[in-house]
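Participant: Sequence and predicted structure, then a few things I'm wondering about:
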Amino acid sequence: EPEVTQTPSHQVTQMGQEVILRCVPISNHLYFYWYRQILGQKVEFLVSFYNNEISEKSEIFDDQFSVERPDGSNFTLKIRSTKLEDSAMYFCASSELGGIQPQHFGDGTRLSIL
Amino acid sequence: GESVGLHLPTLSVQEGDNSIINCAYSNSASDYFIWYKQESGKGPQFIIDIRSNMDKRQGQRVTVLLNKTVKHLSLQIAATQPGDSAVYFCAEKSGGGADGLTFGKGTHLIIQP
């Protein structure tokens, strides 16, 4: 069964550094998403992406964050000047279409900011 | 009630029994609902979804019930197995397009042997 894959599984970074989290969505999917989950808390929406541009973003997704689809398969989340509170699991998801379609999630990248 | 930080509501059931996990949602405009299962160290795994024009939908061993009047969603798992032990989240969405899902706080289901 096709799945969303994310790399790395765990990223440790010094505070103030930039990180790039990578995702390969399911190949025929057109909508891509990033979510985060702080330890023990619920999953929170960050941003959605369709047709090479951001469709929706939450209040969490401020100027520190950016997304990109650099080629036909990868979808990346960049976090500039990381802060301690950026430590979380970051999940990528994709859906075949938007609207009433299930989003399928990867297993996440655990980001630890020291 | 609300759960904060590590204190998820927990439901413990005997293997083979049925379980019901409940979720209250707040956005009356939500028209699409999904249940996800999350095992330790993994991402949310799609279980079943339901649209707001339905009040019940069945899958393999799972049933989702939607009560729009009281904004309540439930997931019934029949004949629970050890592999059902996980955290279960409900998620909601309104409208078409690429809106993100709004997740609930989750319920930790423990299957006792």
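Facilitator: Great, that's in hand.
Participant: Which residue would be the closest one in chain B to chain A?
Facilitator: Chain B approaches chain A most closely through B:Gly100 (2.9 Å), counting by CB to the nearest CB. (C-beta placed from N, C-alpha, C; glycine too.)
Participant: can you list the residues of chain B near chain A?
Facilitator: B:5-8, B:31-32, B:34, B:36, B:41-46, B:49, B:51, B:89, B:91, B:93, B:95-106 (CB under 8 Å from any CB of the partner chain).
Participant: ok, what's across the strand from A:Val24?
Facilitator: Assessed by DSSP bridges, A:Val24 has beta-bridge partners A:Thr5.
Participant: residues touching it, list them.
Facilitator: A:Val4, A:Thr5, A:Gln6, A:Ser73, A:Asn74, A:Phe75 (CB atoms under 8 Å, 6 or more residues apart in numbering or on different chains).
Participant: Repeat the analysis, applying 10 Å as the threshold.
Facilitator: For A:Val24, the contact set (CB atoms under 10 Å, 6 or more residues apart in numbering or on different chains) comprises A:Glu3, A:Val4, A:Thr5, A:Gln6, A:Thr7, A:Ser73, A:Asn74, A:Phe75, A:Cys92, A:Ser94, A:Gly106.
Participant: And it, how close does it get to A:Asn51?
Facilitator: 18 Å (CB to CB, to the nearest Å).
Participant: Same question for A:Gly40.
Facilitator: Taken as CB to CB, the span from A:Gly40 to A:Asn51 is 35 Å.
Participant: Do you know the pLDDT at the residue most central in space within chain A?
Facilitator: Centroid-nearest residue in chain A: A:Trp34, 3.1 Å away (criterion: CA atoms, centre = their mean). The model reports A:Trp34 with a pLDDT of 98.
Participant: now do B:Leu6
Facilitator: 47.
Participant: now swap in B:Gly41 and tell me
Facilitator: 87.
Participant: So it sits against A:Gly108, correct?
Facilitator: Yes: the criterion here is CB atoms under 10 Å, and B:Gly41 meets it with A:Gly108 at 8.4 Å.
Participant: what number of residues lie near the residue of chain B closest to chain A?
Facilitator: 23 (other CB atoms under 10 Å in any protein chain shown).
Participant: Tell me the secondary structure at it.
Facilitator: Look at B:Gly100: counting by DSSP: H, G, I helix; E, B strand; the rest coil, its state is coil.
Participant: Could you find the closest non-adjacent residue to it?
Facilitator: Computed as CB to CB, 6 or more residues apart in numbering or on different chains, the closest residue to B:Gly100 that is not its neighbour in sequence is A:Phe45, at 2.9 Å.
Participant: tell me which residues in the host helix or strand of B:Ile50 are buried?
Facilitator: Here B:Ile50 is covered by strand B:45-51, with elements defined by DSSP states H and E. By neighbour count on 16 or more other CB atoms under 10 Å in any protein chain shown, the buried set for strand B:45-51 is B:Ile47, B:Ile48, B:Asp49, B:Ile50.
Participant: Isn't the last one up against B:Tyr25?
Facilitator: No: using CB under 10 Å, B:Ile50 is not in contact with B:Tyr25; the gap is 11.9 Å.
Participant: between those two, what contacts are shared?
Facilitator: Contacts common to B:Ile50 and B:Tyr25, judged by CB under 10 Å, 6+ apart, are B:Phe33, B:Leu66, B:Leu73.
Participant: Bridged to the second one, which residues?
Facilitator: For B:Leu66, the beta-bridge assignment (DSSP bridges) gives partners B:Leu73.
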